[in-house]
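1. fold the following, please.
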Amino acid sequence: MTKVDAIGGEPVVTDGTAVTQVSEFSRGTRRSRRSNVPATLAWVVTAVAVVLGTFMRAWYLFHRPTTSDESIAGLMANQILHGHFSAFYWGQSYGGIEPYLVALRLALFGNSNFLLALVATLLSGVSGIVTWRIARHLVADPALAALAAAAAWVAPQSVPFNATYEYGFRGVTLLLGLLLVLLALRILDGDRRPAIMAALGLTAGAGWWSSPEIVYFVVPAALIVIGAIVADRTTPRWPTWIRGLIIAAAGAVAGAFPWLWANLQSGFASLNSSSFILPVGAPHYVGRLRLFSHYSLPILFSLRGQSGAWLFARAFSVAILGGLVIILCVAGVLCLLGPWSYRAIAISVLLFPFLLVVSPATWFWADGRYAGYVVPLVALVFVMGVAEADRRWRGRRQDTGVAAGALGLVATAGLVAVLTLLSVANFDHFTSPVSGYLADWGNPDGPTVRILPRLESDGVRNGYADYWTAYRLDYLSAGKLRLTVAGLDPDRWATLNHEVTGAPSAAWIFVVPTPTAQSQFSGTATLGPGGLSESALLGDLQRRHIGYRIISSGFIRAVVPDHAVRPAQLGLP
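-> Presented below is the predicted three-dimensional model:
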């Protein structure tokens, strides 16, 4: 039996199978009345967007060298395979799950340092599929739903960039967040089986373990579940819902158990915001909100690069941004006038900037890593706005099974085409000219991997290096080099640090700032451990009458003192 949602006119069915059969029948009959031309256009735009988004991801995988941040996930995965487990990404009190997936990949396909970010890329692919499934729950037209998923796959440019970067937790967090919304929609559609409620809680708990950023998706999911409770007219309803919510709560505890276990032993360090390492003068809440509007918002539409430069002339870029924001606002208002599920997602997009900047770390806007979570929700708002406008135009305000009209489908396809072109233009301008897309494919870490055997053969084992050098070489050498950091660089692997500081001999690693070295080490590793230069180290060793030898291999030089010289002896804190 179908029931009408008292909050927004959305059909609520106690039998999940029945609603699928009814809605698919109604969708099929209504779609047949529309010309195939708009639908064909929509599918063509979808296919082009998916192909371009895939190509850009592939380019990043085969051209961007691994960083030390990513290498930590690989090092953790190797330790996991040897039975050494950690709840969180090393050196911080948040970020879990994903290194275990990296470990699974290494166990299945071998411990290769090539394509470390493949797991993150695959997770983004699954997230795209889940976005499409969410859209199918929200709009009747499959072409419109496909456009939403395609838009979230290809744009903005920060999406393919971050989808091929192994942060250690963000890929899993995005996927779990989208799954949370999908499960909530199934509950709203009438599927309230204990298994669904348990899955809802387990997903939320695991998402919290992965990253507190799951909150961006908890908001719409919670609102959708509240809508399902209010709209339920069964008698009695409360025993069923109380039982279901208890099951969901138990699932949440199970999913978050590693987070709870680790925090019970650390005095709940995860809730201590002072653990974030912030630069001097980092902005507070209002300042971070200002940064979002000035930089993150244009990045969300591919109109700024990582340097903050505009894609086009400033006036033209701002005009495009204003037009896209107006379209988003109109779509958001239409969603607020629509069914409860539409309102829940629109409200979450509206609240996103204010929730985002609660985290002190979001002062860093350059690569869009923090703001990227809202992208699939924005894509959903666009298509839901079109669906709601079409229903109101045709006077079917209570009918969510109406397929999109030709005009709405063409307009959405045009919008997705514009977003795709902006993403490609951003890639062409700030990353790599599209004309040279097929050039220089291979292992992006190759130049570094090729020079490591010389260091190893000359007896370099333990040592100190800059953060962006140390962990990257640890990972790429497959454990043959054991390098740690010095000074104020973040010590991500305390066990390794203890091992190196206690070793009878330790090298000091420096990167020669050649163009190749700059590209291999993110352009930052021109100094040595703790910011110390090679000349300063050599001068200090000579003053102390400590002998040394220098091993040179490509753009890496290792200074090996005759006996261990520890950072504290050189005045490094």
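
2. at the geometric centre of the chain, which residue do we find?
-> In the chain, the centroid-proximal residue (C-alpha atoms, centre = their mean) is R170; its distance is 3.9 Å.

3. verify the stated contact: that one with R369.
-> Yes - assessed by C-beta atoms under 8 Å, R170 is found in contact with R369 at 6.7 Å. C-betas here are computed from N, CA, C, even on glycine.

4. what touches both of those two?
-> Between them, R170 and R369 share these contacting residues under C-beta atoms under 8 Å, 6 or more residues apart in numbering: N162.

5. returning to that earlier point: so what does the residue nearest to the centre of the chain have for phi and psi?
-> Here is the backbone geometry of R170 (degrees, to the nearest 10): phi -70, psi -30.

6. could you do G531 as well?
-> Backbone torsions of G531, given as degrees, to the nearest 10, read phi 80, psi 10.

7. what sits against the residue nearest to it when sequence neighbours are not counted?
-> Excluding the flanking residues, the one nearest G531 by C-beta to C-beta, 6 or more residues apart in numbering is G487, at 6.1 Å. Shown in contact with G487 (C-beta under 8 Å, 6+ apart): 529-532, 567, 572-573.

8. separation between the residue nearest to the centre of the chain and D189?
-> 29 Å (C-beta to C-beta, to the nearest Å).

9. tell me where the stretch 351-500 of the chain has helices.
-> Assigned by DSSP state H, counting those that start in this stretch, the helices in the stretch 351-500 of the chain fall at 375-393, 406-426, 446-449, 452-457, 467-476, 494-501.

10. run the chain-centre distance for the longest one.
-> This points to helix 406-426. In terms of C-alpha atoms, centre = their mean, to the nearest Å, the centre of helix 406-426 is set 23 Å apart from its chain centre.

11. can you give me the angle it makes with helix 375-393?
-> 160 degrees (axes from the mean of the first three to the mean of the last three C-alpha atoms, to 10 degrees).

12. any idea how far A107 is from T362?
-> Distance from T362 to A107, by C-beta to C-beta: 35 Å.

13. higher neighbour count, the two?
-> Between T362 and A107, counted using other C-beta atoms under 10 Å, the more crowded position is T362 (24 against 12).

14. residues contacting the closest residue to that one other than its chain neighbours?
-> Computed as C-beta to C-beta, 6+ apart, the closest residue to T362 that is not its neighbour in sequence is Y370, at 4.7 Å. Applying C-beta under 8 Å, 6+ apart, we find Y370 in contact with 213, 296, 356, 359, 361-362, 364.

15. give me the phi and psi for R450.
-> Main-chain dihedrals, R450, degrees, to the nearest 10: phi -70, psi -20.

16. how many neighbours does it have?
-> Based on other C-beta under 10 Å, the number of other residues close to R450 is 12.

17. oh, and call the first residue 11 from now on, that's how I've got it
-> In the new count, where the first residue is 11, that last one comes out as R460.

18. show me what contacts it?
-> Here R460 is in contact with G564 (C-beta under 8 Å, 6+ apart).

19. what does the one 4 residues further on give?
-> Contact criterion C-beta under 8 Å, 6+ apart gives 561, 563-564 as the residues in contact with R464.

20. ok, now how distant is it from P75?
-> Separation of R464 from P75 (C-beta to C-beta) stands at 19 Å.

21. low-confidence ranges in the stretch 311-460 of the chain?
-> Applying pLDDT under 70 to the stretch 311-460 of the chain flags the ranges 406-414.

22. swap in the chain?
-> Low-confidence segments of the chain (pLDDT under 70): 11-45, 283-288, 406-414, 533-536.

23. G332 belongs to a strand?
-> No - G332: not assigned to a strand; according to DSSP: H, G, I helix; E, B strand; the rest coil it is helix.

24. could you look up the SS state of the residue nearest to R202 when sequence neighbours are not counted?
-> Distances taken as C-beta to C-beta, 6+ apart place G254 nearest to R202, at 5.8 Å, with adjacent residues excluded. Classification of G254 by three-state DSSP places it in helix.

25. show me the contacts for G254.
-> Shown in contact with G254 (C-beta under 8 Å, 6+ apart): 202, 204, 207.

26. next one: V396 from W503, what distance?
-> V396 is 50 Å from W503, where distance means C-beta to C-beta.

27. any idea which helix or strand carries the closest residue in space to W53 that isn't next to it in sequence?
-> Nearest in space to W53, with sequence neighbours left out and distances taken as C-beta to C-beta, 6+ apart, is A153 at 5.9 Å. For A153, the enclosing helix or strand under DSSP states H and E is helix 152-164.

28. list the buried ones in the longest helix belonging to the chain?
-> Using DSSP state H to define each element, the chain has its longest helix at helix 46-73. Buried residues in helix 46-73, counted by 16 or more other C-beta atoms under 10 Å: 48-49, 51-53, 55-56, 58-60, 62-67, 69-71, 73.

29. circling back: could you pick out the buried ones from the contacts of Y380?
-> Among the contacts of Y380, those classed as buried by 16+ other C-beta under 10 Å are 223, 306, 366, 369, 371-372.

30. quick one, strands of the chain?
-> Under the criterion DSSP state E, the chain contains strands at 12-14, 21-23, 472-474, 492-494, 517-521, 558-563, 566-571.

31. tell me who's in contact with D455.
-> The contact partners of D455, by C-beta under 8 Å, 6+ apart, come to 75-76, 123-124, 486, 530.

32. what's the distance between A421 and Y295?
-> A421 sits 37 Å away from Y295, going by C-beta to C-beta.

33. these two: which has the busier surroundings?
-> Between A421 and Y295, counting by other C-beta under 10 Å, A421 is the more crowded of the two (18 against 12).

34. closest one of the contacts of R464 to N453?
-> Within the contacts of R464, proximity to N453 (C-beta to C-beta) peaks at G564, which comes in at 15.4 Å.

35. residue contacts, that closest one?
-> Counting by C-beta under 8 Å, 6+ apart, G564 touches 457, 460-461, 464.

36. packing partners of the longest helix of the chain?
-> Counting contacts by 3 or more C-beta pairs under 8 Å, 6 or more residues apart in numbering; DSSP states H and E, helix 46-73 packs against helix 128-148, helix 152-164, helix 168-173, helix 416-436.

37. one more time with 6 Å, if that's ok
-> When contacts are defined as 3 or more C-beta pairs under 6 Å, 6 or more residues apart in numbering; DSSP states H and E, helix 46-73 sits against helix 152-164, helix 168-173, helix 416-436.

38. give me the angle between it and helix 128-148.
-> 160 degrees.

39. neighbours of H294, just the number please.
-> Burial of H294 is recorded as 10 neighbouring residues (other C-beta under 10 Å).

40. look up phi and psi at it.
-> Dihedral angles for H294 - degrees, to the nearest 10 - are phi -90, psi -170.

41. ok, it to G395 distance?
-> Applying C-beta to C-beta, the value for H294 to G395 is 34 Å.

42. also L114?
-> Remark: distance between L114 and G395 (C-beta to C-beta) = 40 Å.

43. now do R576
-> Note on R576: its distance to G395, by C-beta to C-beta, is 62 Å.

44. more crowded one of the two?
-> Between R576 and G395, counting by other C-beta under 10 Å, G395 is the more crowded of the two (26 against 14).

45. for that one, which non-adjacent residue is spatially closest?
-> A341 (2.7 Å).

46. my read: the one you found touches V391, true?
-> Yes - between A341 and V391 there is a contact at 5.1 Å, judged by C-beta atoms under 6 Å.

47. for A162, see how far away the closest residue to V396 other than its chain neighbours is.
-> Leaving out its chain neighbours, the residue that sits closest to V396 by C-beta to C-beta, 6+ apart is G418, at 4.4 Å. Computed as C-beta to C-beta, the G418 to A162 distance reads 19 Å.

48. so between these two, which is more surrounded?
-> With neighbours defined as other C-beta under 10 Å, G418 and A162 compare such that A162 has more, 29 against 22.
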